[in-house]
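Novice: I would like the atomic coordinates for the input below:
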Amino acid sequence: MAYWRSGIHSIDNYAEAVARWEGIKPIRGRDVTCKPLGRRNYVDSFRIFKRESDGAIQCILYNTPVVTFTPEDNIVIDTAGFNNGGSTRKFIDEVAPCGLSAVVFDGSMCLRIANPTLDAANSKGDYRLQRKRPTLLRRTQTGWVVMGADKRAVHKVNRKGKKAMLDRYKPFFDYLDAFCRLRVNEKVGEEEIQEVLGDNYAKCAGSQGRKEDRYALLMGYMASTGEEQHVDYYRAVMCLCCEVYGVDAVQMKGILTSILSGAHRDEVFVTEVVPEGKVKKDAYDYYFKTTWDEYHEAHPTRPTWQAKIALAG
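Specialist: Residues are numbered from 1 along each chain as shown. Prediction:
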């Protein structure tokens, strides 16, 4: 729908919304409650409706009451899960009062408040709207108060914790450096990986292999000590080769660091509370999603060499 031809005008408050509803004639031949919000020939896209139960005025985009003006002079915004859509964002911009606008950020619909009232500085800012339930904007004498915004914490690196964790794996990093110098720019073939890993090949590199199983096997081999350490380090490198193309020290160490960060995420990352009126992208949310959640659910403790086979299963 071309919004520059929508004919929608912003509504400032509930009284204005009621006046808008009462002043619009229904579409001839259709239900008397079917009133266009903008141009009359766009009534199937933009409608205005008065809810009988409480008298609230709903501004409807297609079939979703995206913006609702309540008799208490508050506003309810409901994206119905359409958080990335340009049409929803533009509709909120068109209907909402001056000083309110919508932006899409980090996969979420966010409400931006630029309140012209100077003494309402605390109400200014960006607020992430709830994904699948309405968000209430309560009008006060000093501006808007967002009730029930999606307040997400973000993660940042605990540099001390990360360094301490990586120091524990220095023997394997040294082994990996030596391996890369010996096999520089050489692609490790599937035959070699299969021969070295034996029965664990299917869990690590086969078509049925899962990342969380491969990570557990890798962690187990890296935890090896004693006479078998050299052989197990070789096996760990084969697990790592399933993640890269070719033998490249920089790339392999980067991927290894990423895997270790996920395996020790509670040690490497700390949670940071986002201040009111701010939205931030969590640069490390990958480590707190499905793959790593499944890994930690299956392997709640740090793997040991003796338990590596059990962990991989």
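
Novice: okay, CA-based contacts and neighbour counts for the rest of this
Specialist: Will do.

Novice: For stretch 251-261, list every residue counted as buried.
Specialist: Going by neighbour count (16 or more other CA atoms under 10 Å), the buried part of stretch 251-261 is 252, 256-257, 259-261.

Novice: Tell me which residues are up against it.
Specialist: 162, 166, 173, 176, 215, 240-241, 243-244, 268, 287 (CA atoms under 8 Å, 6 or more residues apart in numbering).

Novice: Would you list the buried entries among those?
Specialist: Buried, going by 16+ other CA under 10 Å: 162, 173, 176, 215, 240-241, 243, 268, 287, out of these.

Novice: Pick the one among those residues closest to Ala102.
Specialist: Tyr287 (28.8 Å; CA to CA).

Novice: Pull the number of nearby residues for the residue lying closest to the closest one once chain neighbours are set aside.
Specialist: The shortest distance from Tyr287 to any non-neighbouring residue, by CA to CA, 6 or more residues apart in numbering, is to Gly262 (5.3 Å). The tally of other residues near Gly262 (other CA atoms under 10 Å) stands at 23.

Novice: any idea which element Gly262 lies in?
Specialist: If you go by DSSP states H and E, Gly262 is part of helix 249-263.

Novice: Same question for His155.
Specialist: strand 154-157.

Novice: Flag every buried residue along that strand.
Specialist: 154-155, 157.

Novice: What's the mean pLDDT across stretch 41-54?
Specialist: The average pLDDT for stretch 41-54 rounds to 88.

Novice: With stretch 186-206 instead?
Specialist: For stretch 186-206, the per-residue pLDDT averages 82.

Novice: Could I get the CA-only coordinates of stretch 227-243 as CSV?
Specialist: C-alpha atoms of stretch 227-243 as CSV (Å, rounded to 0.1, in the frame of the first residue of the first chain):
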residue,chain,number,x,y,z
GLU,A,227,50.1,-40.3,27.8
GLU,A,228,47.1,-40.0,25.5
GLN,A,229,47.2,-36.2,25.4
HIS,A,230,49.1,-35.9,22.1
VAL,A,231,46.8,-38.3,20.3
ASP,A,232,43.7,-36.7,21.7
TYR,A,233,44.9,-33.2,20.8
TYR,A,234,45.2,-34.6,17.2
ARG,A,235,41.6,-35.8,17.5
ALA,A,236,40.6,-32.4,18.8
VAL,A,237,42.2,-30.7,15.7
MET,A,238,40.2,-33.1,13.5
CYS,A,239,37.0,-32.0,15.2
LEU,A,240,38.0,-28.4,14.6
CYS,A,241,38.7,-29.1,10.9
CYS,A,242,35.1,-29.9,10.5
GLU,A,243,34.4,-26.2,11.2
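
Novice: next one: it to chain centre, how far?
Specialist: 34 Å (CA atoms, centre = their mean, to the nearest Å).

Novice: And that stretch, what's buried?
Specialist: Neighbour-count burial for stretch 227-243, counted by 16+ other CA under 10 Å, picks out 229-230, 232-243.

Novice: List the contacts of that stretch.
Specialist: 172, 175-176, 188, 193, 196-197, 204-205, 214, 217-219, 221-222, 224, 247, 252, 255-256.

Novice: try 6 Å this time
Specialist: 193, 218, 221-222 (CA atoms under 6 Å, 6 or more residues apart in numbering).

Novice: Same check on stretch 72-80?
Specialist: With CA under 6 Å, 6+ apart, stretch 72-80 has contacts from 14, 66-69, 132, 134-139.

Novice: follow-up on the earlier one: and which of the buried residues of strand 154-157 is nearest to Ser108?
Specialist: Closest to Ser108 out of these is Val154 (14.5 Å), distances taken as CA to CA.

Novice: got the contact list for the closest one?
Specialist: Here Val154 is in contact with 271-272, 282 (criterion: CA under 6 Å, 6+ apart).

Novice: and which of the contacts of stretch 251-261 is nearest Asp31?
Specialist: Nearest to Asp31 among the contacts of stretch 251-261, with distances taken as CA to CA, is Tyr287, at 52.2 Å.

Novice: Assumed that closest one was part of a helix.
Specialist: Yes - applying DSSP: H, G, I helix; E, B strand; the rest coil, one finds Tyr287 inside a helix.

Novice: Good, we can wrap up now.
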